[in-house]
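Here you go, sequence then predicted model.
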Amino acid sequence: MADKTLVCKDCGKEFIFTEGEQAFYKEKGFENEPQRCPECRKARKQQYNNNRGYRR
């Protein structure tokens with residue numbers, strides 16, 4: 001496995017899907033690569049938590 005460059009579906013920015021992250025995804029049984037960059041994933045998770053009434 002080698003690092004992959006992916007494009008975020010939200011912001012369009014390129015991000016690196018590292019070899020270590022790929023191994024983690026495989027270990028967890030995830031079949032799809034991430035669609036969002038780390039910043040957009042964090043923002044989406046925060047928005048979800050805010051809509052659910054959680055505070056983090």
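Nice, thanks for sending it over.

Now do the strands in this protein.
4-7, 14-17 (DSSP state E).

Any idea which of those gets closest to Gln35?
strand 4-7 (8.0 Å; CB to CB). C-beta here means a position set from N, CA and C on the backbone, and glycine is covered the same way.

where in this structure is pLDDT low?
In the predicted model, the chain carries pLDDT under 70 at residues 53-56.

and the longest helix that it contains, how far from the chain's centre?
Scanning the chain for the helix with the most residues, using DSSP state H, yields helix 38-52. Helix 38-52 sits 11 Å away from the centroid of its parent chain (CA atoms, centre = their mean, to the nearest Å).

a markdown table please, covering the strands of the chain and showing distance to Cys37.
Formatted as a markdown table, the strands of the chain follow (distance: least, CB to CB, whole Å):
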| stretch | distance to Cys37 |
| --- | --- |
| strand 4-7 | 8 |
| strand 14-17 | 4 |
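
could I get those as CSV with mean neighbour count and distance to Glu31?
Listed next are these as CSV, based on neighbours: other CB atoms under 10 Å; distance: least, CB to CB, whole Å:
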stretch, mean neighbour count, distance to Glu31
strand 4-7, 12, 15
strand 14-17, 14, 14
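
Can you get me a residue count around Pro34?
For Pro34, the count of nearby residues is 18 (other CB atoms under 10 Å).

In contact with it, which residues?
6, 17, 21, 25, 41 (CB atoms under 8 Å, 6 or more residues apart in numbering).

could you redo the last one with a cut-off of 7 Å?
By CB atoms under 7 Å, 6 or more residues apart in numbering, Pro34 lies in contact with 6, 17.

What is the burial count for Pro38?
12.

again with Asp3
Using other CB under 10 Å: Asp3 sits among 11 other residues.

Could you check how far Gln46 is from Cys11?
Distance check for Gln46 against Cys11: by CB to CB, to the nearest Å, it reads 15 Å.
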